[in-house]
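*Asks:* need a structure here:
(one chain, ligands or ions: 2)
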Amino acid sequence: MKKEFREILREKNLTALPNVLLASAECAPLSKTGGLADVVGTLPKSLAKLGIDARVITPYHRVIKDKYADRVEHMFDFYCSLGWRQAYVGVEKLVLDGVTIYLIDNEQYFGDKIYRGGQAEGEQYAFFCRAVLDCIPNLDFTPQVLHCNDWHTAMLPMLAKTQYQGGMQAGLKFLLTIHNIAFQGKFGFDYVQDLLNVDSRYYTPEFMELNGCADFLKAGCVFADRINTVSPSYASEIKMPYYAEGLEGILNARSHELSGIINGIDKKVFNPHADKLLPATYDRGHLKGKAVCKAALQERMGLEQRPDMPLVAMVTRMTEQKGFDLVACILDDIMQHEDIQFMLLGSGDERFENFMRAAEYRYKGRLCAYIGYSEELSHLVYAASDFFLMPSRFEPCGLSQMISMRYGTVPVVRQTGGLADSVEPYNRYTGEGTGFGFLNFNAHELLFTTQEACRLYTESPVAWGNLAAQGMAKDFSWRASALEYRKLYRGLFT
Ligand code: ADP
Ligand code: GLC
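*Replies:* Numbering: from 1, shown residues only. Ligands and ions are numbered 1, 2, ... in the order given. Model prediction:
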């Protein structure tokens, strides 16, 4: 009888859907520097459709205050300990598009940039982790899963399990999603110990030490109950030293608890059929609007009005991750030998920004380098372009290639991580595929593949049209991935 009762309870536990709190440094549309924000802003909406109450906890950044202050409700406040200091924690609440978002307020840490860089950034997010754990018991919501994202929130499982014994925090289940292993939050141990009271016994290679530093992401990999990343291919890649940035040991040791779930995109935000940010809308089979967008972009950015010329685009953070060094190697080659236009929207490393500014000067009228961040312009670029370059050195998932396919813009990618999982390379014999791909991180491979794309565009418009249409027909919505997350959350309790 007793056994039966246990079985029933177990069954109940398995079928019950846990409440999930996603902790993240950024969340779209409130605060965004890249794809992490898109994921955290969109996934809860899809989980809600599958019966999961998923909410978000994120810093109350300056950019959010400036825009949403009058819609935010103050819930409560208190002081938390950060080493020997006492720091103010305001807990605010905002409901946006059906998703409840808790905002951690502290003017000193979040009154300026989302990421302050260097040590100051360590302090910002050490504070955030402490504030999150201290406020959870008093929220109007009881999570069973704390879903951490990247290094900024990766200390949560370790702190909960080693410093909150007896509290509800220690009973939570922790999922850590790695969006980018290149950023790990590495600081001197003394600094971390001072901020977060971490016991010296955790400063060893089995726990959080890596290359003489205290490593937040490593601590997350050790203490989280499960680890996942944002595409199946990247989940395999990060077990290899080339991609793992020193974490291959722990990730191989826990490979049975590591999985990959590809991201989706928000079909409502990125919808060429109803996009209010475009001068004209369009869909598969009715592409007149796309030509209007191309003309509008050319006019606005000072590019020659040439409907026939292929327009190549990039919308990106300008870093080595995104393969900018390859682009720098081949740019003159393509600009001089191919009849194309080039549109860049991005910001990042100064050397790449300056390189692109100089290129704009050399190829006036055919190349535009818009250095900056603009959500509104990005939609026009995705819609107006013919193909989209993404020659990444590594790419955990990548959303831009999916967005461009949705807008009928053919991606040219290096087949790595999520790019390999989402873009099917064109097969010139069967006509199958959704883009162009090359395998090695090599400038000539990028050059030849870009030239192949240019040739197809100019010489075989019908084949090109089919390729673009095949990309537009792909379903990159969140539903399938949200189902996988639901399985993963449930798996934490078995
Ligand atoms: P990552 O997160 O590594 O930067 P993703 O492809 O996952 O790369 O996501 C990038 C997101 O940020 C996309 O939504 C893209 O459109 C957006 N984005 C990147 N750079 C800019 C920019 N300069 N202006 C506007 N949007 C940008
Ligand atoms: C990171 C990765 C990117 C991924 C995004 C969202 O910024 O660089 O590939 O799409 O996170 O998961």
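*Asks:* near ligand 1, which residues of the chain?
*Replies:* By CB under 6 Å from any ligand atom, the residues of the chain that approach ligand 1 are 34-36, 38, 315-317, 345-347, 373-375, 378, 397-400, 403. Where you see a C-beta, it was placed from the backbone N, CA and C, and this is true even at glycine.
*Asks:* what about those residues, which are in strands?
*Replies:* Using DSSP state E, the subset of these located in strands is V315, T316, R317, L345, G346, S347.
*Asks:* so what's the fourth one up against?
*Replies:* By CB atoms under 8 Å, 6 or more residues apart in numbering, the residues touching L345 are A313, M314, V315, T316, Y370, G372, S374, L377, S378, V381.
*Asks:* just to revisit the earlier point, TSV please, covering the ones in strands among the residues of the chain next to ligand 1 and showing pLDDT and distance to T430.
*Replies:* Listed next are those as TSV, based on pLDDT from 0 to 100; distance: CB to CB, whole Å:
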residue	pLDDT	distance to T430
V315	98	30
T316	97	31
R317	95	35
L345	98	34
G346	97	34
S347	96	40
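*Asks:* ligand 2: which of the residues you listed is nearest?
*Replies:* R317 (8.0 Å; CB to the nearest ligand atom).
*Asks:* quick check: that closest one touching G348?
*Replies:* Yes: counting by CB atoms under 8 Å, G348 is a contact partner of R317 at 4.8 Å.
*Asks:* what about the helix or strand hosting C293, distance to the chain center?
*Replies:* Per DSSP states H and E: C293 is located in helix 288-301. Computed by CA atoms, centre = their mean, to the nearest Å, the chain-centroid distance of helix 288-301 equals 28 Å.
*Asks:* same check, this time on stretch 406-419
*Replies:* 15 Å.
*Asks:* equivalent analysis for stretch 169-189, please.
*Replies:* Its chain's average C-alpha position is 15 Å from that of stretch 169-189, according to CA atoms, centre = their mean.
*Asks:* what about that stretch, near ligand 2?
*Replies:* Yes: using CB under 6 Å from any ligand atom, stretch 169-189 comes into contact with ligand 2 via H179, N180.
*Asks:* just the terminal-to-terminal distance for that stretch.
*Replies:* The straight-line separation of the ends of stretch 169-189 (CA to CA, to the nearest Å) is 24 Å.
*Asks:* next one: stretch 303-316
*Replies:* Terminal-residue distance, stretch 303-316 (CA to CA): 20 Å.
*Asks:* buried stuff in it?
*Replies:* Across stretch 303-316, burial judged by 16 or more other CB atoms under 10 Å covers L303, R306, M309, P310, L311, V312, A313, M314, V315, T316.
*Asks:* helices and strands around the one helix or strand L22 maps to, which ones?
*Replies:* Element membership of L22, judged by DSSP H and E, is strand 20-23. Judged by 3 or more CB pairs under 8 Å, 6 or more residues apart in numbering; DSSP states H and E, strand 20-23 is in contact with helix 35-49, strand 54-59, strand 145-149.
*Asks:* tell me which residue in the stretch 251-400 of the chain sits closest to ligand 2.
*Replies:* At 3.5 Å from ligand 2, C397 is the closest residue in the stretch 251-400 of the chain, using CB to the nearest ligand atom.
*Asks:* check contacts around that residue.
*Replies:* By CB under 8 Å, 6+ apart, C397 lies in contact with G35, H179, V230, S231, Y234, I262, N263, G417, G418, D421, S422.
*Asks:* in a markdown table: the buried residues of stretch 303-316, plus distance to ligand 2.
*Replies:* Converted to a markdown table, the buried residues of stretch 303-316 look like this (distance: CB to the nearest ligand atom, whole Å):
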| residue | distance to ligand 2 |
| --- | --- |
| L303 | 28 |
| R306 | 32 |
| M309 | 30 |
| P310 | 25 |
| L311 | 24 |
| V312 | 20 |
| A313 | 18 |
| M314 | 14 |
| V315 | 13 |
| T316 | 10 |
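*Asks:* now for the residue of the stretch 51-200 of the chain found nearest ligand 2: which residues touch it?
*Replies:* Nearest residue of the stretch 51-200 of the chain to ligand 2: H179, at 3.3 Å (CB to the nearest ligand atom). Residues in contact with H179 (CB under 8 Å, 6+ apart) are G35, L36, V39, N149, D150, T229, V230, P396, C397.
*Asks:* what's the neighbour count on the third one?
*Replies:* Pointing back at V39 there. Using other CB atoms under 10 Å, V39 has 27 neighbouring residues.
*Asks:* per-residue confidence for K12?
*Replies:* K12 is assigned 48 on the pLDDT scale.
*Asks:* where does P29 land in three-state SS?
*Replies:* Put simply, P29 is coil when judged by DSSP: H, G, I helix; E, B strand; the rest coil.
*Asks:* I'd like to know how far it sits from Q415.
*Replies:* 31 Å (CB to CB, to the nearest Å).
*Asks:* who has more neighbours, those two?
*Replies:* Q415 (19 against 16).
*Asks:* was I right to think that one contacts D421?
*Replies:* No: using CB under 8 Å, Q415 is not in contact with D421; the gap is 9.2 Å.
*Asks:* show me what contacts the closest residue to ligand 1 within the chain?
*Replies:* The minimum distance from the chain to ligand 1, using CB to the nearest ligand atom, falls at G35 (2.3 Å). Applying CB under 8 Å, 6+ apart, one finds that G35 lies in contact with H179, N263, C397, G398, L399, S400.
*Asks:* mind redoing it with 6 Å?
*Replies:* L399 (CB atoms under 6 Å, 6 or more residues apart in numbering).
*Asks:* pull out the buried residues from the one helix or strand D66 maps to.
*Replies:* Per DSSP H and E, D66 falls inside helix 62-68. Buried residues in helix 62-68, counted by 16+ other CB under 10 Å: V63, I64, K65, Y68.
*Asks:* which other residues reach that helix?
*Replies:* Here helix 62-68 has contacts from L30, S31, G111, D112, using CB under 6 Å, 6+ apart.
*Asks:* and stretch 89-103, how far apart are its ends?
*Replies:* First-to-last distance for stretch 89-103 - CA to CA - comes to 10 Å.
*Asks:* for the stretch 51-200 of the chain, just list every one of the helices.
*Replies:* 62-68, 107-110, 118-135, 156-163, 189-196 (DSSP state H, counting those that start in this stretch).
*Asks:* could those go into TSV alongside distance to D225?
*Replies:* Converted to TSV, these look like this (distance: least, CB to CB, whole Å):
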stretch	distance to D225
helix 62-68	30
helix 107-110	28
helix 118-135	16
helix 156-163	7
helix 189-196	20
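*Asks:* the ones you listed: which one's closest to E360?
*Replies:* Judged by CB to CB, the one of the helices of the stretch 51-200 of the chain that comes nearest to E360 is helix 62-68, at 28.0 Å.
*Asks:* average model confidence for that closest one?
*Replies:* Averaging pLDDT along helix 62-68 yields 98.
*Asks:* which pLDDT value goes with the nearest residue to M240 once chain neighbours are set aside?
*Replies:* Distances taken as CB to CB, 6 or more residues apart in numbering place E248 nearest to M240, at 6.4 Å, with adjacent residues excluded. For E248, the model assigns a pLDDT of 98.
*Asks:* so, low pLDDT: which residues of the protein?
*Replies:* By pLDDT under 70, the weakly predicted segments of the chain are 1-15.
*Asks:* which residues touch stretch 189-205?
*Replies:* L82, G83, A126, M208, E209, A214.
*Asks:* do the same with stretch 81-99
*Replies:* Residues outside stretch 81-99 that contact it (CB under 6 Å, 6+ apart) are 44, 60, 71-80, 101-103, 105-106, 127, 131, 135, 194-195.
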